[in-house]
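1. The following comprises the amino acid sequence and a computationally predicted model.
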Amino acid sequence: MMCERRRYADRMIARTLGAPLILLVASCTQNSGAPDRQASSGTTKADVVIVVMSTTKGDITLELDPVHAPLSTASFLDHAKAGHYDNTAFQRVIPDFVIQGGGWTIDPSAPGGLRDNAKRDAEAGHPDVTIKNEWQNGLKNVKGTIALGREKDPDSASREFYINVVDNPKLDTPREIAGGAGYAVFGRVIDGWDVVEIIRSGKTQPRPDIPVEDGSMQNVPLELVVVKSVRVVDAR
């Protein structure tokens, strides 16, 4: 069953900017326990940015790598400082793949009760700024890393992010379905993996009542975990 979900997820498209966000799935190898905390090659403690993502289930501490991923790190921090992540939900959870968030807010007035924030802002004349894909920066989509979601266009990443809950080597592999490029990792979880596991283990369901065209609302948690804030606690 887990492998079947992986193969299904390989065909799944998530959303960002109201359009497809493609996440390719790795093999059916299972990972257990907290991720390895090996440091990125060439990055020292003096280089990293420490960020705390406070959620309704507890805090997740992230170590961002502006040395290897300066554009991705800066984009994430810009959205955090603008408050774009406040009150957003982890709207897509695949327990043998990723947990994904950053773009949707619980809103009873929106269809299905979830609002696509990037689409709302674009319609108001304030589209997200997209960045150049940094997928060849040497950082890999291994368990515990955080990366940016995007559309098929390799340079379409903006506010949405995902945390790898297993090793996902296909996300590092250039494929036609992903625009001939991988997905840019820009940091890793260094504390709060228990919170990630809580999110990962939540039951999900398809939500056809949320109007998307790409089938990305097939793994919506029954209990949405909400990001209350994202704040920098240490920028050396």
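-> That came through fine. Residues are numbered from 1 along each chain as shown.
2. and the closest residue in space to A181 that isn't next to it in sequence, what does it touch?
-> Ranked by C-beta to C-beta, 6 or more residues apart in numbering and with sequence neighbours excluded, the top spatial neighbour of A181 is P154, at 3.8 Å. In this view, the C-beta of every residue, glycine as well, is placed from N, C-alpha and C. Shown here is P154, whose contacts under the criterion C-beta atoms under 8 Å, 6 or more residues apart in numbering are 133, 135, 178-181.
3. if you set the cut-off to 7 Å instead, what comes out?
-> 133, 179-181 (C-beta atoms under 7 Å, 6 or more residues apart in numbering).
4. which of the residues you listed lies closest to V225?
-> Each of the contacts of P154 was checked against V225 using C-beta to C-beta; the closest is N133, at 27.7 Å.
5. Touching, F90 and V225? I think so.
-> Yes: in terms of C-beta atoms under 7 Å, F90 counts as a neighbour of V225; the distance is 5.0 Å.
6. which residues are common contacts for those two?
-> The contact sets of F90 and V225 overlap at I199 (C-beta under 7 Å, 6+ apart).
7. So which residue is smack in the middle of the protein?
-> Note on the chain: the residue nearest the mean C-alpha position is Y162, at 1.5 Å, using C-alpha atoms, centre = their mean.
8. Which helix or strand lies directly C-terminal to the helix or strand harbouring that residue?
-> Here Y162 is covered by strand 161-164, with elements defined by DSSP states H and E. With elements assigned by DSSP H and E, the helix or strand that comes after strand 161-164 is strand 185-191.
9. So in that sheet, which strands flank that next one, and in what orientation?
-> Strand pairing for strand 185-191, determined by DSSP bridges: strand 58-64 (antiparallel), strand 145-148 (antiparallel).
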